[in-house]
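1. What follows is a predicted protein model with its sequence.
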Amino acid sequence: MRVLTSESESLEGAAPQGRAARPKRAAALSAFGPALPRSVLSYVLQTSALHQLCLVALTITVFLLEVVPLELQRRIINDLVKNRDFQFVIELCAVYAGVVLVQGGIKLGLNVYRGWVGERATRALRRRIRALVRALPEGTEAAQEIGLEVSMIVAETEPIGGFVGESVSEPLLQAGVLLTVLAYMIHIEPVMAAIALAFFLPQLVFVPLMQHAINRRTGARVWLLRQISVNVVARDANQAELSRADAARIGRVFELNMGIFRIKFTMNFLMNLCNHLEIIAALLVGGWFVYTGRLEVGGVVAFISAITRLNDPWGDLVNYFRDLSGTQVKYRLLSGAVSQLMRHKQPDSDPVEKAGAD
């Protein structure tokens with residue numbers, strides 16, 4: 001058996017051994033449908049375009065409600081300091097609780113809906129691949145067939161299907177929260193917003209660079225694991241050579257994982273540092289504005305609360321693009337494997353039969 005040496009190389013099975021099973025295999029391949037789209041985003045639109053529109057509507061509702069608790073915090077503190085009308089504070093707190101319940105309920109529905117869309121895509125993808133694998137000619141090498149089936153159906157379809165559920169709504173939600181909160185910060189105090197933004201901007205430089213380094217390691221790791229999944233069930237005369245190759249691959253996967261951990265956690269450290277510097281700047285500048293009468297205490301409280309709300313959506317956006325890159329690599333490998341397997345589809349008849357018919 002030949003060891004795969006590139007991510008585009010896949011099964012090279014032998015010709016079928018009989019004609020009796022051809023109609024059955026052809027029907028199975030026809031039921032499987034056309035080849036997968038070239039990109040994972042095309043696959044998302046192909047399988048769930050209508051559901052993505054519904055998810056977008058729910059997502060917009062969630063992030064538009066994000067600033068309401070911030071404004072209620074500002075009003076509660078200012079009214080308590082200035083008017084000392086505790087009855088009004090109780091009413092505002094009741095409104096706050098109602099808004100939180102409504103927003104949380106919509107977000108709960110959004111998350112469950114996203115999960116359903118993702119699992120639906122995962123189930124459909126597993127069925128398509130399993131139908132194709134079962135329609136392979138008998139001459140296909142068993143070890144390669146089993147290795148690909150285990151790798152694709154059990155492992156690789158899960159993150160691809162899960163990505164379908166959040167592919168549109170997740171970046172829209174997090175970007176919407178970021179922009180909404182930033183707009184509210186500018187509304188409260190433009191100078192403080194500019195200073196906070198100055199500490200936020202460095203993340204736009206080092207995060208993409210570090211994320212690119214993670215993506216390259218993720219792509220290499222996925223390909224290595226694919227090769228191991230094929231060889232681990234192989235029975236070949238060169239088994240000792242395959243074992244040595246797989247041992248080297250396992251060591252390389254370990255090195256890649258450690259590199260990913262180092263870069264990822266360093267990036268998280270730098271992101272948290274920038275976030276705390278934003279809060280320190282808000283306390284210094286906001287405290288001075290309160291001291292000089294330019295800003296009320298409630299404004300500072302709401303501003304700091306807004307800064308803390310910037311960290312989570314920004315981190316989630318970073319995680320999303322990290323997952324997007326990894327999913328694209330896995331989908332590209334999966335789509336390439338499916339295209340290779342579909343080439344095993346047998347012609348309806350042999351050239352000899354056609355010649356006889358003529």
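-> Structure's in. What do you need?
2. Pretty sure Val67 is one of the things Gln103 touches, is it not?
-> No: using Cβ atoms under 8 Å, Gln103 makes no contact with Val67, being 10.8 Å away. (Glycine included, C-beta is placed from N, CA and C.)
3. got a pLDDT number for Gln46?
-> As predicted, Gln46 sits at a pLDDT of 87.
4. what does Val177 give?
-> 91.
5. Could you find the closest non-adjacent residue to Ile250?
-> Ile228 (6.9 Å; Cβ to Cβ, 6 or more residues apart in numbering).
6. name the helices or strands packed onto the helix or strand encompassing the one you found?
-> Per DSSP states H and E: Ile228 is located in helix 203-231. Secondary-structure packing of helix 203-231 (3 or more Cβ pairs under 8 Å, 6 or more residues apart in numbering; DSSP states H and E): helix 142-149, helix 239-291, helix 297-342.
7. pLDDT below threshold where in the chain?
-> Residues of the chain meeting the criterion pLDDT under 70: 1-35, 133, 135-156, 229-237, 239, 340-358.
8. Quick check, central residue of it?
-> Asp323 (3.6 Å; Cα atoms, centre = their mean).
9. is it true that that one touches Phe163?
-> Yes: the criterion here is Cβ under 8 Å, and Asp323 meets it with Phe163 at 6.4 Å.
10. how far away is Trp314 from Glu278?
-> For Trp314, the distance to Glu278 equals 11 Å [Cβ to Cβ, to the nearest Å].
11. quick one: which of those two has more around it?
-> Glu278 (24 against 21; other Cβ atoms under 10 Å).
12. Relative to Ala306, how far out is that one?
-> For Glu278 relative to Ala306 (Cβ to Cβ), the value is 10 Å.
13. for Thr157, same thing?
-> 40 Å.
14. repeat for Phe63
-> In terms of Cβ to Cβ, Phe63 sits 13 Å off from Ala306.
15. and what of Val297?
-> Counting by Cβ to Cβ - Val297 and Ala306 are separated by 15 Å.
16. Among these two, which residue is more densely surrounded?
-> Ala306 (26 against 16).
17. Quick check, that one in contact with Leu70.
-> Yes: assessed by Cβ under 8 Å, Ala306 is found in contact with Leu70 at 5.5 Å.
18. Now the common contact residues for these two.
-> Val181, Tyr184 (Cβ atoms under 8 Å, 6 or more residues apart in numbering).
19. count of neighbours near the closest residue to Arg249 other than its chain neighbours?
-> Computed as Cβ to Cβ, 6+ apart, the closest residue to Arg249 that is not its neighbour in sequence is Leu224, at 4.8 Å. Neighbour count for Leu224, taken as other Cβ under 10 Å: 19.
20. In contact with Leu224, which residues are there?
-> Taking Cβ under 8 Å, 6+ apart, one finds Arg249, Arg252, Val253, Leu256 in contact with Leu224.
21. how about JSON lines for these, with neighbour count and distance to Ile129 added?
-> Output for the contacts of Leu224, formatted as JSON lines (neighbours: other Cβ atoms under 10 Å; distance: Cβ to Cβ, whole Å):
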{"residue": "Arg249", "neighbour count": "18", "distance to Ile129": "23"}
{"residue": "Arg252", "neighbour count": "13", "distance to Ile129": "27"}
{"residue": "Val253", "neighbour count": "17", "distance to Ile129": "24"}
{"residue": "Leu256", "neighbour count": "19", "distance to Ile129": "26"}
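22. In contact with Leu58, which residues?
-> Ile106, Gly109, Leu110, Tyr113, Ser169.
23. you'd agree the third one is up against Ala57?
-> This points to Leu110. No: in this structure, Leu110 is not within contact of Ala57 by Cβ under 8 Å, at 9.7 Å.
24. Tell me which of those two has more neighbours.
-> Leu110 (21 against 10).
25. Now do the more buried one against Leu256, distance only.
-> For Leu110 relative to Leu256 (Cβ to Cβ), the value is 34 Å.
26. now swap in Gly299 and tell me
-> 48 Å.
27. again, but for Asn215
-> 12 Å.
28. What of Glu189?
-> 46 Å.
29. Check Arg294 too.
-> 53 Å.
30. Tyr331 too?
-> 19 Å.
31. Can you report how many residues lie near Arg130?
-> 15.
32. ugh, wrong one, I meant Leu209
-> There are 10 residues near Leu209, going by other Cβ under 10 Å.
33. And for Val99?
-> Val99: 15 neighbours (other Cβ under 10 Å).
34. That one contacts Leu65, doesn't it?
-> Yes: counting by Cβ under 8 Å, Val99 touches Leu65, with 6.6 Å between them.
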